[in-house]
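Peer 1: Turn this into a structure:
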Amino acid sequence: MKYYLVLLAGLALSVDAISQSTLHQTGSQQALDYNLELFDKQLFSASLYDNSRLLNQNLNGEQQKSAELNRAMAALEIESPDGAGLMKSYILENGNHPTVTTAGLYLGDHFFYKKNYKEAIEGYSLVKSNSLSDANKADVLFKQGYSYFQLKNNGAAAPFFDQAKALNQPISADAYYYSGFIAMEAGNNAKAIADLQAAGKSSFYATKVPYLLTALYYKEGNYDQVISYAVPLLASGQNLDRKETINLYLAEAYYAKRDFANASKNYDAFINAKKGVLSREEVYKAGISFFEIGNYQRATDYLKVSASSTDEIGQSSSYYLGHAYLKLDNYQFAATSFQAASKSSFNKQIQEESLFNFAKTNLQRGTFSTAISALDEYLETYPSGKNRQEAETLLSEALVNSSDYLRAIEQMDKIQNKSPRIRSAYQKVAFYQAMVYYRDQKFKQSLALLDKSQSFPEDRDLLLETHFWKGEVNAADGNLPQAIRSYEALRAINPATNHPYLIKTHYGLGYAYFNSQNYPKAEEQFRIYTEKLRGASEKQYFDDALLRLGDCQYVQKKFGEAAATFQRAISESTTGKDYAYYRLAVVQNFQSQNNEALSNLDRLISGFPSSLYIEDAMFQRGQIYLEEVRYSEASRAFSDLISSRPNSPFIPFALESRAVANFSMQNYNQTIADYKLILDNHPNASNAETALKGLQETLALQGRSAEFGDYLARYKGANPGSGNVQSLEYESAKSLYLDKNYTQAARAFENYLRSYPQSAQRPDALYFAGDAYFQAGDQEKGLSFFRQLEKEPSSPQRARAMQRIGIIELERGNYAAAIPYLESASQNARSRVEEAEAVQGLMVANFQTRKYQIAIANAERLMTLDGLIPESTAKALLTKAKSQRELNQKAQAELTLQSLVNAHKTIQGAEGLYLLALSQQEKGDFNKSNDVIFDGAGPFADYDYWYGKMFLLIADNYQKTGEDFQAKATLESIVERSTNPEIKAEAQAKLRTLK
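Peer 2: Predicted coordinates:
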């Protein structure tokens, strides 16, 4: 140890002096020398013991001092409690002795190297520095300064360092360094710079002071000096201490001088060194630097970090982050960034600009409802804002494209002086909302909005459309005279003869006149319509119009023209051929072309087994055979109908006709049996009286007239006279039902059934009672009547009851129980609407009971019945896709979902879009998952639950890709804007986790 050797040199001088004054070394001197050897060998305890013992002997003055000093040194080395006291006593008692200086140095150094700086200072204070060399004096001064420095007393330390500097000794470099550091801490930058520059001249500090000097130049605001000093240093390749800090100060200096290219380079150098962390302000400056040089991707890396807090830096970061994302065509990230900036009020100008840019970005994204809200907020908050005029223009565009039409109309109603652009937007938006009401069968509201649209006739073509749709809405509402007036109003405008809405108007007018039984005018309109579409590629409703044209001609007894029209429908149409075959056969029957009629009926029966007109055709075929006196064939034809279609309303008439055929063939027993079946099973049929007379005649021929009395009595019971109370009660109950007074109707039918349990109207009464209770909200009571009807013989009402039981079980969640009823209903449906309702129920029930393949088959069948019940195809596609997902047919499911989303902007489409995005997330393609939503979510904004689920999914995707800022902004937006409590709560929970 350096200072230990200095002390021994001092001691040697002292011993030499003693030995030279004595001719012969005494025993005491030998003991002192021996003790010094012990100390030299670091046997401090032994040295302490021997010196303490020696002091009890007779020693001369110098020997006494030597033993005391040795004892004190040994005591210090073994950390004896009295070591420091012994040394101080020695110094104080021997103030003028040459060894006192050495003793003070020893005491100070002992504590200095033990880092006991307080004791070190006290020890060094006992040193008489005048007796020291300049080198030792500088050393002591430095150590005194350093001790004060370590005790955080920079004021006391500084003078010692200053004195040590002045001696210009090797230790002076250290003194300059610490003196400069203290000056820097005190804010005395000039002194700090001078001292550190001096320290840097030594090889030891040459690599240590550059980062401090760079910092000082920066604090002085001398950015040019920062650059001129630091750039050559970094270029030199020296192994500098804290080189990354030099990069940081250099970056800050370049930023201050708006040299963003060099600033960005040095910010990145600091980050890439991975030896420090930028402050948020420095991160912000780095982001701005990259933004200014057009490196927008790198700018976002920094700015999304500095945007993380809601302070002034966060607001500004979010604003520039939004613009950076715009440059990268990342509109969704830009929107959330501008939104975040618009919520902060630290910088009012940025807040205003951010809100406006948030609106514009959402317009570019196609998120029109959000854009409308933002533009509305902008115009409300900044009525004199510099972007007001552009905001109003953008608002009109957004309103036109928004799916929130009612809000758009409300917005435009607030504008007193509507510009041409706003008037045009109003015309369109009112029309669009009218179409929504029409879709939802809210006809009065639809007509009111169509009137509003017509009040701003800016677009002539759209005006034509509104007249057409007023006709359609009135027709759907049953107001045929008004429908005709609306259609005629379109024609009065004199559009081009090939205008698409004029063509559609001919079709609408045709039906309006047809349903008004004005067949000549209906014929005229259907003829014009079909002629205009004869060569068109898009046939629209050509097939149907052609059939109605034939019907108009048939009703007017223009049989030749009707036959030609139906024949044309068979050859030209792709749909409705079954009906055309049937109507052509009827016309040919009137023309006495019965063989041709029978051929066409056979084509219908064999070629269209699922046709709704199959029963009509089978009955008509039997009738023609009967007319042709081909009784055997007639009987077989009627038997085919009776056996294959037991629930057909034609049954009583088929039985009557078969009875006639058998009577003509003298098959009297079969004739009697058929008449009895009519009277037993269909006592209220319109031909029941005819059957009674036929039975009477045939029984008489057979000599069995006695059997007739029983049937006569039963007939009278089932068909009382018009003044009979039973008939009046039934008709009264039925009137209540038809007037939708369901509670009263239910009670009336229940009383009727109680009073007349054997009534021929029992099946009808049971059904009406059940449905009335069901419509009145008493599902249990309604179900009990349907169950009773289930036990009755086959009839149309029984088939309907089976379907209602299935639907009720379905609504109750008893899916397995619902399936057999719905299967029966689907097989015995009398109309395509009934079939569609049953198939839809089967689809749901099979999906819920995890019979996914059957559910898919039901969904595909339901799609063939498109348009018969609301949103049936959308429901079918959704169920099919969900079933495919359950069967792990992910690729097929995605195709099905895409078809759903593309074609149906309904709640099912909204769920479909969510599932499509979820499918991409499940595959790990988070960006594509987001794109699916951003590209397609606009039309589904009204479906708050699924719209919210989509954006919760987006937030999850952001988190999974490390975009926490975007995730946070998205969740905050959901919390602020969602109208669904469940979605809002889920977003709040996720936000707490994210924070």
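Peer 1: Dump whatever helix or strand Ser289 lives in to PDB, restricted to CA.
Peer 2: Here Ser289 sits within helix 280-292, counting by DSSP states H and E. Once side chains and other backbone atoms are set aside, the C-alpha atoms of helix 280-292 remain, and they are given as PDB (Å, rounded to 0.1, in the frame of the first residue of the first chain):
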ATOM      1  CA  ARG A 280     -40.800  10.400 -22.800                       C
ATOM      2  CA  GLU A 281     -39.800  13.900 -24.000                       C
ATOM      3  CA  GLU A 282     -36.800  12.500 -25.700                       C
ATOM      4  CA  VAL A 283     -38.800   9.700 -27.200                       C
ATOM      5  CA  TYR A 284     -41.200  12.300 -28.500                       C
ATOM      6  CA  LYS A 285     -38.400  14.300 -30.100                       C
ATOM      7  CA  ALA A 286     -37.000  11.200 -31.700                       C
ATOM      8  CA  GLY A 287     -40.500  10.400 -33.200                       C
ATOM      9  CA  ILE A 288     -40.800  14.000 -34.500                       C
ATOM     10  CA  SER A 289     -37.300  13.800 -36.000                       C
ATOM     11  CA  PHE A 290     -38.200  10.700 -38.000                       C
ATOM     12  CA  PHE A 291     -41.600  12.200 -38.900                       C
ATOM     13  CA  GLU A 292     -39.900  15.300 -40.300                       C
END
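Peer 1: Would you indicate which residues of it are buried?
Peer 2: Of the residues in helix 280-292, Arg280, Glu282, Val283, Tyr284, Lys285, Ala286, Gly287, Ile288, Ser289, Phe290, Phe291, Glu292 count as buried by neighbour count, 16 or more other C-beta atoms under 10 Å. To be clear about C-beta, it is placed using only N, CA and C from the backbone, and glycine gets the same treatment.
Peer 1: List just the nearest of these to Ser66.
Peer 2: Out of these, the one with the shortest distance to Ser66 is Glu282. That distance is 63.6 Å, counting by C-beta to C-beta.
Peer 1: List the contacts of the closest one.
Peer 2: Glu282 makes contact with Leu248, Ala251, Glu252, Tyr267, according to C-beta atoms under 8 Å, 6 or more residues apart in numbering.
Peer 1: And for Leu842?
Peer 2: Taking C-beta under 8 Å, 6+ apart as the definition of contact, the neighbours of Leu842 are Ile819, Leu822, Glu823, Ser826, Ile854, Asn858.
Peer 1: Against Ser826, how distant is the closest residue to the fifth one other than its chain neighbours?
Peer 2: So that's Ile854. Nearest residue to Ile854 in three dimensions, chain neighbours excluded: Asn846, at 4.4 Å (C-beta to C-beta, 6 or more residues apart in numbering). Relative to Ser826, Asn846 is positioned 12 Å away (C-beta to C-beta, to the nearest Å).
Peer 1: ok, these two, which is more surrounded?
Peer 2: Taking other C-beta atoms under 10 Å, Asn846 and Ser826 do not tie; Asn846 has more neighbours (25 against 22).
Peer 1: I'd like the distance between the more buried one and Asn888.
Peer 2: Going from Asn846 to Asn888 by C-beta to C-beta gives 18 Å.
Peer 1: Is Ile808 in contact with Asp778, as I believe?
Peer 2: No - here Ile808 lies out of contact with Asp778, judged by C-beta atoms under 8 Å, at a distance of 11.6 Å.
Peer 1: re earlier: compile the buried residues of helix 280-292 into JSON lines and extend it with columns for pLDDT and distance to Leu490.
Peer 2: As requested, these are exported to JSON lines (pLDDT from 0 to 100; distance: C-beta to C-beta, whole Å):
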{"residue": "Arg280", "pLDDT": "92", "distance to Leu490": "65"}
{"residue": "Glu282", "pLDDT": "95", "distance to Leu490": "69"}
{"residue": "Val283", "pLDDT": "96", "distance to Leu490": "64"}
{"residue": "Tyr284", "pLDDT": "96", "distance to Leu490": "62"}
{"residue": "Lys285", "pLDDT": "96", "distance to Leu490": "65"}
{"residue": "Ala286", "pLDDT": "96", "distance to Leu490": "65"}
{"residue": "Gly287", "pLDDT": "96", "distance to Leu490": "59"}
{"residue": "Ile288", "pLDDT": "96", "distance to Leu490": "60"}
{"residue": "Ser289", "pLDDT": "97", "distance to Leu490": "63"}
{"residue": "Phe290", "pLDDT": "96", "distance to Leu490": "60"}
{"residue": "Phe291", "pLDDT": "96", "distance to Leu490": "56"}
{"residue": "Glu292", "pLDDT": "96", "distance to Leu490": "59"}
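Peer 1: Take those residues and write them to CSV, including distance to Gln144.
Peer 2: As requested, the buried residues of helix 280-292 are arranged in CSV below (distance: C-beta to C-beta, whole Å):
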residue, distance to Gln144
Arg280, 42
Glu282, 39
Val283, 43
Tyr284, 45
Lys285, 43
Ala286, 44
Gly287, 49
Ile288, 48
Ser289, 47
Phe290, 50
Phe291, 53
Glu292, 52
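Peer 1: Go through these and say which is closest to Ser172.
Peer 2: Set against Ser172, the nearest of these by C-beta to C-beta is Glu282 (36.0 Å).
Peer 1: For the protein, which segments count as strands?
Peer 2: Remark: no strands are assigned in the chain by DSSP state E.
Peer 1: Retrieve the pLDDT associated with the nearest residue to Phe333 once chain neighbours are set aside.
Peer 2: Take Phe333 and drop its neighbours on the chain: the residue closest to it by C-beta to C-beta, 6+ apart is Tyr325, 4.2 Å away. At Tyr325 the predicted local distance difference test score is 95.
Peer 1: and if you look at the one 10 residues further on?
Peer 2: Each residue has a pLDDT score; the one for Ala335 is 93.
Peer 1: Quick check: it vs Gln364, distance?
Peer 2: As defined by C-beta to C-beta, Ala335 lies at a distance of 9 Å from Gln364.
Peer 1: More neighbours: which of these two?
Peer 2: Looking at Ala335 and Gln364 with other C-beta under 10 Å, you find the greater number of neighbours at Ala335, namely 31 against 13.
Peer 1: The spatially closest residue to that one that is not a sequence neighbour - how many residues pack around it?
Peer 2: In space, not counting the residues next to it along the chain, Ala335 is nearest to Thr361; the distance is 4.4 Å by C-beta to C-beta, 6+ apart. Using other C-beta under 10 Å, Thr361 is surrounded by 27 other residues.
Peer 1: OK, contacts around Thr361?
Peer 2: With contacts defined as C-beta under 8 Å, 6+ apart, Thr361 is in contact with Gly322, Leu326, Tyr331, Ala334, Ala335, Phe338.
Peer 1: what about 7 Å?
Peer 2: Thr361 sits next to Leu326, Tyr331, Ala334, Ala335, Phe338 when contact means C-beta atoms under 7 Å, 6 or more residues apart in numbering.
Peer 1: What is the most widely separated pair among these?
Peer 2: The widest separation within the contacts of Thr361 (C-beta to C-beta) is 10.3 Å, between Tyr331 and Phe338.
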